[in-house]
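*Asks:* give me a 3D structure for the following:
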Amino acid sequence: MTLFEIIILAIIQGLTEFLPISSSAHLILPSEVLGWNDQGLAYDVAVHVGSLLAVMLYFRADILRLTGAWFSHGLSSNQTQDSRLAWWIIIGTIPAVILGFAFKDIIEIYARSALVIAITTIGFGLLLWYADTKATQLKTVHQITWRNAIFIGLAQAIAIIPGTSRSGITMTAGLMIGLNRESAARFSFLLSIPVILGAGLLATLDLLQTPNAVDWNALLFGAAFSFVSAYACIYLFLAWISKIGMLPFVIYRLILGTALLIFIFI
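*Replies:* Numbering: from 1, shown residues only. Predicted structure coming up:
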């Protein structure tokens, strides 16, 4: 890859990992539409590490508080709000782990195409719009129940299909159970940490088994630009989402999906 491609793909990853518009779709599109070379496994690991560091840095206080609460009260009958929330994050992660292992190869073979991305981008964009306009949006993140956590976790598992958007589908599910926008986004971001960490570890194991040479400069630039763009994205999204709602992202998804269909069929 050229330095320009390295930086652009890293910024795309950092922004789209946490916006409800699908990072996997945007990382596939340059090769599908622009004819760019595939960025490769090592680069994927690097940009995901950058995104992971960004979300962990932003939520460092929450992570420390939830971790401490889980070790203090998580296995006892005397649960606290924070220990319960830690449990809900663990429970919400399980469906993605199971379905990710079960269907990873099938998705890689049959679903990583511009047509699939176009369909899921439009379809799940409309679902996000419906949830944002019809949901009650009254609950906070500490009012989530174990049933809610399973529901959001099952929604997150669907995001193995490119174009769905992990953050988009989990926010949609959060809105559907009555979370306010900020709480839906916050829980989505916290839920992303174990998933991104697990995906990064698996990709790293795959990388260690490949004999290909590693371009360390590309990895460093990729991780750095992904980190900066992801951190800025999280900060601005949480600051603005209660005011602007999901409509701008729905419109973007509809435009992107329609443009892809035009590109495919015309």
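*Asks:* now the helix or strand hosting Thr170, how far from the centre of its chain.
*Replies:* Thr170 is part of helix 166-176, with elements assigned from DSSP states H and E. On the basis of CA atoms, centre = their mean, to the nearest Å, helix 166-176 sits 10 Å off its chain's mean C-alpha point.
*Asks:* same check, this time on stretch 206-219
*Replies:* Worked out by CA atoms, centre = their mean, stretch 206-219 lies 24 Å from the chain centre.
*Asks:* give the buried residues for it.
*Replies:* Residues of stretch 206-219 classed as buried: Leu207, Asp215, Ala218, Leu219 (neighbour count, 16 or more other CB atoms under 10 Å). Where you see a C-beta, it was placed from the backbone N, CA and C, and this is true even at glycine.
*Asks:* what's the closest non-adjacent residue to the second one?
*Replies:* Spelled out, that is Asp215. Nearest non-adjacent residue to Asp215, counting by CB to CB, 6 or more residues apart in numbering: Ala42, 7.4 Å away.
*Asks:* show me what whichever strand or helix holds that neighbour is in contact with.
*Replies:* In the assignment (DSSP H and E), Ala42 maps to helix 41-58. Helix 41-58 is touched from outside by 1, 6, 9-10, 13-14, 17-18, 27, 63, 189, 192-193, 196-197, 199-200, 203-204, 206-207, 210, 212, 214-215, 218-220, 222-228, 230-231, 234-235, with contacts defined as CB atoms under 8 Å, 6 or more residues apart in numbering.
*Asks:* tell me what the next helix or strand after it is packed against?
*Replies:* Following helix 41-58 in sequence order, the next helix or strand is helix 60-73 (DSSP H and E). For helix 60-73, the elements it packs on are helix 81-110, helix 181-208, judged by 3 or more CB pairs under 8 Å, 6 or more residues apart in numbering; DSSP states H and E.
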